[in-house]
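Visitor: need the 3D shape of this:
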Amino acid sequence: DDDTSTDDDTAQPGNFALAFSSPPAGWGSAPQTEALVLAERFTIEFWFRRTGQMQGYVLDARPPGSPSGYNWGIYTEGADPGLTFFCNTGEGNEFFRGPNPNALNTEWHHFAVSRYAGEFLIYLDGGEVLATEGEPCVVFAAPLLLGMYHVGPVPSLQNAEIDEVRISAEARYYGTFTPEHVLLPDVYTTLLWHFDEGVGDVAT
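Guide: Here you go, the predicted structure:
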């Protein structure tokens, strides 16, 4: 959040983020939406900052109780805790592992995954960290959970702050770029969360 000793807490917040603690507290959700249907080209991106050992699900686009081989998600956990994107390609999930967030400093970092020209591309702070061929995702309209697993509270997101989540129906990145700190909507935007609406310690 943007809370300081000198600001006016009754004013509209200017730069909130969602914080997830350990044990996990809080989560975000959107109702079932076509925004989560990933086409031949797409981009999923957000800003994050770890506040300790970050682990758990950042985004989970699977309805509660659905099979694990369904739709897509982004998480980090286990012995090899890379920030991992997975999606259902029609023959089960494919996994695309990005950087280990716990090897990073505790500053804000930008993460993005795009699909362009038959390749899945993962970026950290505008630099490419993975480029690999993969079949297109076969996914459906679903609710989106932020910071929570689709079948229960474990493994929910721990020790992280998340801001500026944007899903786009286009591959925005297929080369080195400079991430924008505030992600703006355009014709390709299907979902955008700034988390800047709310009062006090609540971001909407």
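
Visitor: what residues of the helix or strand bottoming out on mean pLDDT in the chain count as buried?
Guide: Ranking every helix and strand in the chain by mean pLDDT, DSSP states H and E puts strand 28-33 at the bottom, with a mean of 85. Counting neighbours by 16 or more other Cβ atoms under 10 Å, one finds that the buried residues in strand 28-33 are 28, 30. Glycine gets a C-beta too; all of them are placed from N, C-alpha and C.

Visitor: CA atoms only for it, dumped as CSV, please.
Guide: Extracted in CSV, the C-alpha atoms of strand 28-33 (Å, rounded to 0.1, in the frame of the first residue of the first chain):
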residue,chain,number,x,y,z
GLY,A,28,-7.9,-11.3,-5.2
SER,A,29,-10.4,-12.7,-7.7
ALA,A,30,-12.3,-11.8,-10.8
PRO,A,31,-15.6,-13.6,-11.8
GLN,A,32,-15.6,-15.9,-14.8
THR,A,33,-14.4,-14.0,-17.8
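
Visitor: residues in contact with it?
Guide: Around strand 28-33, the neighbours that count as contacts under Cβ atoms under 8 Å, 6 or more residues apart in numbering are 18, 63, 141-148, 191, 193, 195.

Visitor: for Gln158, state which of those is nearest.
Guide: Of all the contacts of strand 28-33, Gln158 sits closest to Gly147, with 9.0 Å by Cβ to Cβ.

Visitor: the chain: strands as residue ranges?
Guide: 18-20, 28-33, 42-60, 72-76, 84-88, 93-97, 109-116, 119-124, 127-133, 142-146, 158-168, 189-193 (DSSP state E).

Visitor: these: which one's closest to Phe177?
Guide: strand 119-124 (7.5 Å).
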